[in-house]
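Visitor: give me a model of this one.
(chains A and B)
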Amino acid sequence: LAKTTQPISMDSYEGQEVNITCSHNNIATNDYITWYQQFPSQGPRFIIQGYKTKVTNEVASLFIPADRKSSTLSLPRVSLSDTAVYYCLVGVSGGYNKLIFGAGTRLAVHP
Amino acid sequence: EAQVTQNPRYLITVTGKKLTVTCSQNMNHEYMSWYRQDPGLGLRQIYYSMNVEVTDKGDVPEGYKVSRKEKRNFPLILESPSPNQTSLYFCASSPGLGQGALGANVLTFGAGSRLTVL
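Guide: Here you go, the predicted structure:
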């Protein structure tokens, strides 16, 4: 199983860039890396997905090194509304069936 | 609007009284799944379904049943609820385009169902 490991919590201030790293040493060749954001009492929401190198969308960037054993979600210039739990998700080797979530990273953005 | 709809959103019940939490998606997704979320434990998968009539256990299936008779619906059944099943439940779906396909595991989640078993 491609287990993921993330920091439990992080703190930042408005306007700063935040980088959250996820380790996934057992990632399979065909697995994609997907990040979700969750606010209290809401379902997780898709942020970004990538396979290798760098992916950028209007919300975030995702950096994946050549060995793909980790990935870093980068949130530029965070605001208070970015306070949430962020999950890294990697497809299970041999299939995407189980889609195991890690414990997530609780990001707190302060004024 | 593309969405996953769960009902009920809130439920308080008693031990042993069978209940069903419904889940419906309007995106023609093949893959559907149920998760429970408890403080400090993140999201844990209960059951998943690759397509109609194809279901399989996730990490915490004990005490739950599911069925997938139609593509859009994936109800979660608690035959005899117990207090340790008090939790926040999420249903999710994805296109299910196959391993290695971009977007295959991009899940759309429902709003959640908060269940309390007394």
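Visitor: ok, B:Arg9 - how many residues close by?
Guide: 13 (other C-beta atoms under 10 Å in any protein chain shown). No exception for glycine: its C-beta is placed from N, CA and C like everyone else's.
Visitor: tell me, how many residues neighbour A:Leu62?
Guide: A:Leu62: 23 surrounding residues under other C-beta under 10 Å.
Visitor: quick check: which element contains it?
Guide: A:Leu62 is located in strand A:61-64, with elements delineated by DSSP states H and E.
Visitor: just checking, what packs against that strand?
Guide: Under the contact definition 3 or more C-beta pairs under 8 Å, 6 or more residues apart in numbering or on different chains; DSSP states H and E, strand A:61-64 sits against strand A:33-38, strand A:45-50, strand A:53-56, strand A:70-75.
Visitor: ok, and what's touching that strand?
Guide: A:33, A:35, A:48-56, A:70-74, A:76 (C-beta atoms under 8 Å, 6 or more residues apart in numbering or on different chains).
Visitor: filter these down to the ones near chain B?
Guide: The overlap between the contacts of strand A:61-64 and the neighbours of chain B (C-beta under 8 Å from any C-beta of the partner chain) comes to A:49, A:51.
Visitor: buried members of the contacts of strand A:61-64 into ChimeraX, please.
Guide: To isolate the buried subset of the contacts of strand A:61-64 in ChimeraX, counting by 16 or more other C-beta atoms under 10 Å in any protein chain shown, use the following:
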select /A:33,35,48,49,50,55,70,71,72,73,74
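Visitor: contact residues of chain B facing chain A?
Guide: B:4, B:31, B:33, B:35, B:40-45, B:48, B:50, B:56, B:58-59, B:88, B:90, B:92, B:96, B:98-100, B:102-112, B:114.
Visitor: just the buried residues of those residues.
Guide: For the residues of chain B next to chain A, buried by 16+ other C-beta under 10 Å: B:4, B:31, B:33, B:35, B:42-45, B:48, B:50, B:58, B:88, B:90, B:92, B:96, B:99, B:104-110, B:112.
Visitor: please narrow those residues to those residing in strands.
Guide: B:4, B:31, B:33, B:35, B:42-45, B:48, B:50, B:88, B:90, B:92, B:108-109 (DSSP state E).
Visitor: which non-adjacent residue is nearest the residue most central in space within chain B?
Guide: Ranked by distance to the mean C-alpha position of chain B (C-alpha atoms, centre = their mean), the top residue is B:Trp34 at 2.3 Å. Nearest residue to B:Trp34, sequence neighbours excluded (C-beta to C-beta, 6 or more residues apart in numbering or on different chains): B:Ile46, at 4.3 Å.
Visitor: residue contacts, that neighbour?
Guide: B:Ile46 makes contacts with B:33-36, B:58-61, B:64, B:66, B:76, B:89, as judged by C-beta under 8 Å, 6+ apart.
Visitor: roughly how far apart are it and chain A?
Guide: Counting by C-beta to the nearest C-beta, to the nearest Å, the separation of B:Ile46 from chain A is 11 Å.
Visitor: count the neighbours of the residue nearest to B:Cys23 when sequence neighbours are not counted for me.
Guide: Nearest non-adjacent residue to B:Cys23, counting by C-beta to C-beta, 6+ apart: B:Cys91, 3.5 Å away. Neighbourhood size, B:Cys91 [other C-beta under 10 Å]: 29.
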